[in-house]
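Participant: sequence below, structure please.
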Amino acid sequence: MATVKMAKVKMAGNVVRVSKVTSLLLIVLTLASLAGCGAPATHIAYLGLPQDDAVAAFRINNHSGQFTNIAESPYPGGISPASVFVHPSNKFAYAANQGENDISLFTIDASLGSLTEVLPRTPAGVTPVSLDMDGGGNFLFVANQASANISVYSINSSTGALASVSGSPFATSPNPVALKLSPSGKFLYVVNPNLASIFAYSVNSGKLQPVPGSPFAVGSGPFSIAIDPAEKFVYVPNSTANTISVLAINPSTGALSSIPESPFASGIGSQPISVAVHPSGKFLYVANMGSSNISAFSIDTTTGIPTVITNSPFSTGTGPLVVVSDPNGNFVYAVNQGTKTISVFSVNASTGALTGTAQSATTTVSASSMFVTH
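Facilitator: Sure thing, here's the model as predicted:
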């Protein structure tokens, strides 16, 4: 596919070259004018496209939520990228290639947001499906589904290159599908749908040690996990049980315990598959793949209890697989597998309620993941 695309560019000659240069120049001038207005006016979203063996990139207007395709996107990479994660410096992006058992490193153009892959790719375990990184950008964590382990890499801050830490990969239970590092970087939580459990690890310089009492039970069919910014609670949607489990985090040990009344069924749609906590920690959003909508909840920041927000759930495109809150908390995005679109919702800062916007984006194929930069 990439070879055909390149051949078209060569045959097109100078007309296309001029058009591309003009487009790039307009983008640069726009960004320059926005930079003079104070805070950055845009974020960038990167999406894994497994069927295209590529990563798509869009610039998002922070005020309107409008998506604009970045020049040359999507960018070719490894086979079947399942997860994408961006370094906190916004200099590097990583993709877990489940089809060839490795990790792609991309450098990010600081002005445009475009990607350039750096070869060779870094070997991972078998079927890497989920990525996460500590807030300082020192370590990358990878869940390898088929080899039942977690690869951990140190990150070169100058080049973005990965190097396995001592002891990596670390064994976990069969079929890990998602992982999440706590905001402090002290604990790592790994989702296992087969056992309806969360496996917990303490983290020390990238090395993993099982937390006493791990694993911790949740409902049936968990496939994702979110943690509130205060690192007090873990939220897990249970796709088979149509519930959401809420567990309190022991700040000293990382052990989890279900809060009273968990799991919660009220307000959850069919096949809840993905979850996101608002940056304020006050709201929770759950993508319901079966009913094609998002359930919205306010969160009691003391108890962790979710309460259904008025008019929830909010309709999306068909089959939302991923829900993401933008870093400023102004918008929520739903990645819809069935319609190959991204739904954009504005967030009421007081109530957490969602309002569908006229903005949306389309991907060439169904996306498996989405990361929005700060």
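
Participant: which stretches of this protein form helices?
Facilitator: Ranges of helices within the chain are 2-12, 14-35, based on DSSP state H.

Participant: mean pLDDT lowest for which of those helices?
Facilitator: Mean pLDDT per stretch puts helix 2-12 lowest among the helices of the chain, at a mean of 36.

Participant: distance-wise, check the closest residue to G221 other than its chain neighbours relative to I268.
Facilitator: The shortest distance from G221 to any non-neighbouring residue, by Cβ to Cβ, 6 or more residues apart in numbering, is to T240 (3.0 Å). C-beta here means a position set from N, CA and C on the backbone, and glycine is covered the same way. Separation of T240 from I268 (Cβ to Cβ, to the nearest Å): 12 Å.

Participant: of those two, who's got more company?
Facilitator: I268 (24 against 14; other Cβ atoms under 10 Å).

Participant: I figured that one was touching Y285, is that so?
Facilitator: No: using Cβ atoms under 8 Å, I268 is not in contact with Y285; the gap is 11.7 Å.

Participant: need the residues touching each of these two.
Facilitator: S295 (Cβ atoms under 8 Å, 6 or more residues apart in numbering).

Participant: who are the contact partners of the residue nearest to T107 when sequence neighbours are not counted?
Facilitator: Leaving aside its chain neighbours, T107 sits nearest to T116 (5.1 Å; criterion: Cβ to Cβ, 6+ apart). By Cβ under 8 Å, 6+ apart, the contact set of T116 is 75, 106-107, 109.

Participant: could those residues go into JSON lines alongside distance to A171?
Facilitator: Shown next, in JSON lines, are the contacts of T116 (distance: Cβ to Cβ, whole Å):
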{"residue": "Y75", "distance to A171": "33"}
{"residue": "F106", "distance to A171": "29"}
{"residue": "T107", "distance to A171": "33"}
{"residue": "D109", "distance to A171": "38"}
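
Participant: give me the buried entries from those residues.
Facilitator: Neighbour counting over the contacts of T116 (16 or more other Cβ atoms under 10 Å) leaves 75, 106 as the buried ones.

Participant: what's the closest of the contacts of T116 to A361?
Facilitator: Using Cβ to Cβ, Y75 comes nearest to A361 of the contacts of T116, at 16.0 Å.

Participant: where's the closest one relative to Q98, distance?
Facilitator: For Y75 relative to Q98 (Cβ to Cβ), the value is 17 Å.

Participant: again with P251
Facilitator: P251 is 34 Å from Q98, by Cβ to Cβ.

Participant: who has more neighbours, these two?
Facilitator: Neighbour count, other Cβ under 10 Å: between P251 and Q98, Q98 has more, with 25 against 14.

Participant: what number of residues are in the vicinity of the residue lying closest to that one once chain neighbours are set aside?
Facilitator: Counting by Cβ to Cβ, 6+ apart, Q98 lies nearest to A82, which is 4.4 Å off, once chain neighbours are set aside. The local packing of A82 (other Cβ under 10 Å) involves 21 other residues.

Participant: now S184
Facilitator: 13.

Participant: likewise S257?
Facilitator: 11.

Participant: quickly list what it is bridged to.
Facilitator: Under DSSP bridges, the beta-bridge partners of S257 are A248.

Participant: now it: how far from V322?
Facilitator: Taken as Cβ to Cβ, the span from S257 to V322 is 28 Å.

Participant: surely P193 meets P222?
Facilitator: Yes: between P193 and P222 a contact is recorded at 5.5 Å, counting by Cβ under 8 Å.

Participant: what's the overlap in contacts for the two?
Facilitator: Taking Cβ under 8 Å, 6+ apart as the contact rule, P193 and P222 both touch S239.

Participant: those two: who's more crowded?
Facilitator: A direct count of neighbours by other Cβ under 10 Å for P193 and P222 places P222 higher, at 30 against 18.

Participant: contacting residues for that one?
Facilitator: 191-193, 196-198, 236-239, 245.

Participant: what's the separation between the nearest residue to V165 once chain neighbours are set aside and V118?
Facilitator: Nearest residue to V165, sequence neighbours excluded (Cβ to Cβ, 6+ apart): G206, at 4.0 Å. Note on G206: its distance to V118, by Cβ to Cβ, is 21 Å.

Participant: which one's more surrounded, these two?
Facilitator: Ranked by neighbour count (other Cβ under 10 Å), G206 and V118 place G206 first, with 21 against 15.

Participant: ends of stretch 213-230, what's the gap?
Facilitator: 22 Å (Cα to Cα, to the nearest Å).

Participant: so for that stretch, mean pLDDT?
Facilitator: Mean pLDDT, stretch 213-230: 98.

Participant: quick check: F297 vs I309, distance?
Facilitator: In terms of Cβ to Cβ, F297 sits 6 Å off from I309.

Participant: need the overlap of contacts for those two.
Facilitator: 283, 352.

Participant: ok, H87 - contacts?
Facilitator: Here H87 is in contact with 93-94, 133, 137, 155, 160 (Cβ under 8 Å, 6+ apart).

Participant: need these in TSV with pLDDT, can you?
Facilitator: TSV is the format used below for the contacts of H87 (pLDDT from 0 to 100):
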residue	pLDDT
A93	98
Y94	98
M133	98
G137	98
I155	98
G160	98
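
Participant: closest to S292 among these?
Facilitator: The nearest member of these to S292, counting by Cβ to Cβ, is A93 at 29.1 Å.

Participant: so who does that closest one touch?
Facilitator: Neighbour list for A93: 46, 55, 84-87, 105-106, 108, 115, 371 [criterion: Cβ under 8 Å, 6+ apart].

Participant: spatially nearest residue to it, not counting backbone neighbours?
Facilitator: F106 (4.4 Å).
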